[in-house]
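Enquirer: here is my input, please return the structure:
(2 chains)
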2 protein chains.
Amino acid sequence: MVDGLGAPLAAPLFDRVALIGIGLIGSSLARVIRRKKLARVLVAGDASATVRAKVTELGLADTVAETAAQAVADADLVILCVPVGAMAAVAQEIAPHLKPGAIVSDVGSVKSAVLAALTKHLPPHVAIIPAHPVAGTEESGPAAGFATLFVNRWCILTPPDGADAKAVKRLAEFWAAAGANIEIMTPQHHDLVLSITSHLPHLIAYNIVGTAADLEAITQSEVIKFSAGGFRDFTRIAASDPTMWRDVFLNNKEAVLETLGRFTEDLTALQRMIRNGDGEGLFNLFTRTRAIRRGIIEEGQEIAAPDFGRHRDDEA
Amino acid sequence: MVDGLGAPLAAPLFDRVALIGIGLIGSSLARVIRRKKLARVLVAGDASATVRAKVTELGLADTVAETAAQAVADADLVILCVPVGAMAAVAQEIAPHLKPGAIVSDVGSVKSAVLAALTKHLPPHVAIIPAHPVAGTEESGPAAGFATLFVNRWCILTPPDGADAKAVKRLAEFWAAAGANIEIMTPQHHDLVLSITSHLPHLIAYNIVGTAADLEAITQSEVIKFSAGGFRDFTRIAASDPTMWRDVFLNNKEAVLETLGRFTEDLTALQRMIRNGDGEGLFNLFTRTRAIRRGIIEEGQEIAAPDFGRHRDDEA
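Expert: Numbering: from 1, shown residues only, chains lettered A, B, ... in the order given. Just a heads-up that it's a prediction; the model follows:
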């Protein structure tokens, strides 16, 4: 198939899957679960009545539950797709209602804090296997999702010490069937790696867009008009969901501050090169940064078209 | 027409146009000049024999000149499409060969330094009208250009005090025929505006890609695999031409250092919010940055598709 998802499975991987939180990621998961027939029954839960109505309207699940507690009843796999800051409360709510032997996972962008929250609140008779699919767009909500979001993206599993190997394997199979590549690492290492490949880029994008909005000598209209010089790329990331990203920074404070410290050190050195007119130093840095993009394109994590393919239709 | 360029002109705007430097911008200009018939004769010059051979092979010009001096002979419009740091040398070379009354312009990303270099070296009998089309991709060289690059992008003209109004008007007509919107401002204001909408974004992108490459605890393979979390967007900008960007920073030092100072101040405040766990402060910043992107999309400076349209073909 063109979209890389392949044919539906002959038999579902799980009998009953419950998704809690039907935003961009949750609704994309719902779509791929139904398209690939990964569950016999798919239950969706969301705290917002508006979202639940939209999920019903879009036909994203077999059942739309009023509460998270109802949603997880009898589920073999529960995936929490709520902002990182909401994980503890949801875990507390669902804890008494989980089926023994159920796998409880999540899709949060931070893993140490989530593992701690789940471990604290969930009963010992469930298998906690946190996960993070490194995929998304700047849009939010159940209408923004699509079934191919995870195709050829990486899903990182961070099972705690002593996790049930069979549960890890089943969850890995689930994500692989959704089109993802699987990597397993510790929550700590995850949080450090993602601090540079995701959290810091968002922080910097939010920051520069804020700086641009505050400059007195330049109007917002000028910023908008001349954004094709590079700025507009940053605004895409800075349009991401504020709640989700607030929670990421509150819950991965240590790694983000460490990585930000390195970034700032490097930026200070670059500032000095500009001040001193060190053309050779600038040229050397600007040359070696090209290699990483080549690697990203070669590994299929980026399209090869220049300018993100914005000009794809130009010659039509 | 689908691509926004419209039909060729009934009569060329200029008799003879010379382009010096046939990279991404120069070759895009060559393509649109020929497609729209903006010149009766188009002459291309480039210091590199390899580039000249490629221009001949691609059929981008009527004549490919060996030297810049030969290229400008008898031209009514000369556009320097070389890196900002090469402008002075090219101006010096062509000065004795320019036709009286010719318009000499450029496409450099910095305007004060270029105006100074051109004014210093060119004779008083030509009209110096610097310009900057705010358009491009991360690719370089004559094969990377395309005729629609300037469609609905802004071209900023920065005529010096006392510039010939007719020459400014003719150059504006030329860029409008290439599909661009025209804005006129002082070189100083240009350099300040572009420092935030273009130069600082490039500096930051180069910097974060450099930081990522240097982190000891994270492998390059991990950076590449998990780049879809936001990082990969920065690598596009950091793949831009190193010579061009070295020259930008060497020639717009003052405005870049000023804007960078504001960025760093703001980043320090953001760092403190994270350290203090100030969720409200983070949420407020992350919310107000969304408006600018909406403006950019509404003004047609960005496509509306999520994730830069990377998923456009997904549902095929």
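Enquirer: contact partners of the helix or strand where A:Thr50 lies?
Expert: Using DSSP states H and E, A:Thr50 maps to helix A:49-58. For helix A:49-58, contacts defined as Cβ atoms under 8 Å, 6 or more residues apart in numbering or on different chains pick out A:22-23, A:27, A:30, A:44, A:46, A:61, A:64, A:66, A:141-143. No exception for glycine: its C-beta is placed from N, CA and C like everyone else's.
Enquirer: try it again with 6 Å
Expert: A:22, A:44, A:46, A:64, A:142 (Cβ atoms under 6 Å, 6 or more residues apart in numbering or on different chains).
Enquirer: show the contacting residues for the first one.
Expert: Looking back up the chat, that one is A:Ile22. With contact set as Cβ under 6 Å, 6+ apart, A:Ile22 has these partners: A:44, A:46, A:51, A:55, A:142.
Enquirer: state the distance from the residue in the stretch 51-200 of chain A that chain B sits nearest to to A:Pro187.
Expert: Residue of the stretch 51-200 of chain A nearest chain B, by Cβ to the nearest Cβ: A:Ser198 (2.8 Å). A:Ser198 sits 15 Å away from A:Pro187, going by Cβ to Cβ, to the nearest Å.
Enquirer: before we move on, what about A:Trp175?
Expert: Counting by Cβ to Cβ - A:Trp175 and A:Pro187 are separated by 17 Å.
Enquirer: between these two, point out the one with more neighbours.
Expert: A:Trp175 (24 against 20; other Cβ atoms under 10 Å in any protein chain shown).
Enquirer: re the thing from before, PyMOL command for the buried members of the contacts of A:Ile22?
Expert: To isolate the buried subset of the contacts of A:Ile22 in PyMOL, counting by 16 or more other Cβ atoms under 10 Å in any protein chain shown, use the following:
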select buried, chain A and resi 44+46+51+55+142
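Enquirer: so where do the helices sit in the stretch 51-200 of chain A?
Expert: A:68-72, A:87-94, A:112-121, A:165-177, A:187-194, A:200-214 (DSSP state H, counting those that start in this stretch).
Enquirer: average pLDDT across the first one?
Expert: Here helix A:68-72 scores 98 as its mean pLDDT.
Enquirer: that one packs against which elements?
Expert: With contacts taken as 3 or more Cβ pairs under 6 Å, 6 or more residues apart in numbering or on different chains; DSSP states H and E, helix A:68-72 sits against strand A:14-20, strand A:39-45, helix A:87-94.
Enquirer: nearest to B:Ile204, out of those?
Expert: helix A:87-94 (31.4 Å; Cβ to Cβ).
Enquirer: can you tell me what sits against the closest one?
Expert: By Cβ under 6 Å, 6+ apart, helix A:87-94 touches A:20, A:68-69, A:72, A:80, A:82, A:114, A:117-118, A:121-122.
Enquirer: for stretch A:187-206, same thing?
Expert: By Cβ under 6 Å, 6+ apart, stretch A:187-206 touches A:110-112, A:115, A:156, A:158, A:234, A:237-238, A:245, A:248, A:252, A:255-256, A:259, B:204, B:212, B:217-218, B:222-223, B:226-227, B:229-231, B:234, B:285-286, B:289.
Enquirer: pull stretch A:53-70 out as CSV, backbone CA atoms only.
Expert: The C-alpha trace of stretch A:53-70 is given here as CSV (Å, rounded to 0.1, in the frame of the first residue of the first chain):
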residue,chain,number,x,y,z
ALA,A,53,-19.2,14.2,20.9
LYS,A,54,-16.7,14.7,18.1
VAL,A,55,-15.3,11.2,18.6
THR,A,56,-18.8,9.8,18.2
GLU,A,57,-19.5,12.0,15.2
LEU,A,58,-16.3,10.8,13.5
GLY,A,59,-17.0,7.2,14.5
LEU,A,60,-13.5,6.8,15.9
ALA,A,61,-14.4,4.0,18.5
ASP,A,62,-16.8,1.2,19.1
THR,A,63,-17.8,2.8,22.5
VAL,A,64,-17.3,6.3,23.8
ALA,A,65,-17.2,6.1,27.6
GLU,A,66,-18.3,8.9,29.9
THR,A,67,-15.5,8.4,32.3
ALA,A,68,-12.0,7.0,32.2
ALA,A,69,-13.0,4.5,34.9
GLN,A,70,-15.7,3.2,32.7
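Enquirer: thanks a lot, see you next time.
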